[in-house]
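> Return a 3D structure for these sequence lines:
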Amino acid sequence: MEFELKGHRYQIGRLNAFNQMNVARRLATALIPLANLRKDADKQPSDEEVARAFVTLTSQMPDELLTPAITSLLSTIKRDVGGDRGWASISTPDGMLMYSDIDGLTDLNILLIKALDANQIIDFFVDHRSASADQAVPEIG
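As a prediction, this is how the structure comes out:
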């Protein structure tokens, strides 16, 4: 997935299945309401609205859950360095940002939402079942 944010081109890669599961598991309490926000909205919320909701929903999460998930997501994001020189990671392996112009509240959270989208992690929590009473709910087990 490639996109532009504030004049810079970004590219987001995929996490492996194990890391996708870990991110989903660690952020589930925040991602379920985000999935419902998108599903129930009359119009799709903007990236900024989803980013603000993400900050609010993760605000009470312990760092032990949040930091590894964010570090994993950051590892998938690269930025075009320009001049046909290719792409560079936006973070170090321990999650420190490499670019001082990335705003910590808005830009970073939009990038994290884009990484969640590229890896289809928010979509995992959307209930696609019909509300129809005629449709049986599958049982697990």
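
> Point out where this structure drops to low pLDDT.
In the predicted model, the chain carries pLDDT under 70 at residues 127-141.

> Can you name the residues that contact the closest residue to G13 other than its chain neighbours?
Nearest residue to G13 in three dimensions, chain neighbours excluded: T76, at 4.5 Å (CB to CB, 6 or more residues apart in numbering). (Glycine included, C-beta is placed from N, CA and C.) Shown in contact with T76 (CB atoms under 8 Å, 6 or more residues apart in numbering): 12-15, 115, 118-119.

> The protein: helices as residue ranges?
17-40, 47-58, 63-74, 106-118, 121-124 (DSSP state H).

> winner for burial among those helices?
With neighbours defined as mean count of other CB atoms under 10 Å, the helices of the chain peak in mean count at helix 106-118, which reaches a mean of 21.

> Using PDB, list the CA coordinates for it.
The C-alpha trace of helix 106-118 is given here as PDB (Å, rounded to 0.1, in the frame of the first residue of the first chain):
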ATOM      1  CA  THR A 106      -1.700  13.200  14.200                       C
ATOM      2  CA  ASP A 107       0.800  11.900  11.600                       C
ATOM      3  CA  LEU A 108       2.100   9.000  13.600                       C
ATOM      4  CA  ASN A 109      -1.400   7.700  14.400                       C
ATOM      5  CA  ILE A 110      -2.600   8.100  10.800                       C
ATOM      6  CA  LEU A 111       0.400   6.000   9.800                       C
ATOM      7  CA  LEU A 112      -0.400   3.400  12.400                       C
ATOM      8  CA  ILE A 113      -4.100   3.300  11.200                       C
ATOM      9  CA  LYS A 114      -2.800   2.900   7.600                       C
ATOM     10  CA  ALA A 115      -0.500   0.000   8.800                       C
ATOM     11  CA  LEU A 116      -3.500  -1.600  10.500                       C
ATOM     12  CA  ASP A 117      -5.500  -1.300   7.300                       C
ATOM     13  CA  ALA A 118      -2.700  -2.600   5.100                       C
END
